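Participant: I need the structure of the sequence given here:
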Amino acid sequence: MPTDDTAALVTAAAAGDPAAWSALVDRFSGLIWAVARGYGLRTADAEEVYQTAWFRLAQHIAQINDPERVGAWLATTARRESLRLLRAGARTSVTSNADILDRAVDDTPERRLVQSEDAASEVERARQLWQAFQQLSERCRELLRVLIASPPPSYVDVAAALGMPIGSIGPTRARCLARLRELVAARGITSGSAYP
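Facilitator: Numbers count the residues shown, from 1 in each chain. Predicted coordinates for the structure are as follows:
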């Protein structure tokens, strides 16, 4: 079986071929990580998304309607799981790091004022950017979420997941970013911020 035939890999994996399953994991692991990290999940939460996406595929591999688009199926599963974790709320991290604890205790009135002004400014910029991002087409939002992940997935993985030709990813990304810059500029977000 040619290893570049995704549908054949899915069919073989569904029939119990461990080599086909391994090939699918090799091919789409980066994509799942990219989706999870694109939502800003911490490592532990991204790992949970990763495991859940593969578990769901193992559960449903025989019922995949379009095996050639298993990358898109995995990306959608990872996106849904990421959103579920975000809705469930942030998890608390316990630390004994004295530097972190000392910074948390710096509670002078002057420090609180500076922190609140900085925080309010950043929150407002983030809100404006998010609203601009939401004005993009669904296709642009989906593409940019996947591409901004760290580490970024390969264009091969992106193409498989989103069902688009590899050659159109770069130009589509450029158009989406240009549109986002227009929307951001229209909202008056300053170029001094950390946004596009």
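
Participant: Can you give the domain ranges for the chain?
Facilitator: Split into domains by automatic domain parsing, the chain comes to 1-90, 107-196.

Participant: give me the low-pLDDT residue ranges for this protein?
Facilitator: Flagging of the chain using pLDDT under 70 yields the residue ranges 1-4, 89-120, 149-151, 190-196.

Participant: quick one, helices of it?
Facilitator: Taking DSSP state H as the test, the helices found in the chain are 6-14, 18-38, 43-60, 70-88, 98-105, 109-134, 138-147, 155-162, 166-186.

Participant: could those helices go into a markdown table alongside mean neighbour count?
Facilitator: Any C-beta I mention is one placed from the backbone N, CA and C, and that applies to glycine too. Below are the helices of the chain laid out as a markdown table (neighbours: other C-beta atoms under 10 Å):
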| stretch | mean neighbour count |
| --- | --- |
| helix 6-14 | 20 |
| helix 18-38 | 20 |
| helix 43-60 | 17 |
| helix 70-88 | 19 |
| helix 98-105 | 9 |
| helix 109-134 | 12 |
| helix 138-147 | 18 |
| helix 155-162 | 21 |
| helix 166-186 | 15 |
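
Participant: gap between residue 182 and residue 135?
Facilitator: Between residue 182 and residue 135 the computed distance is 10 Å (C-beta to C-beta, to the nearest Å).

Participant: And residue 145, by the same measure?
Facilitator: On the measure of C-beta to C-beta, residue 145 and residue 135 end up 15 Å apart.
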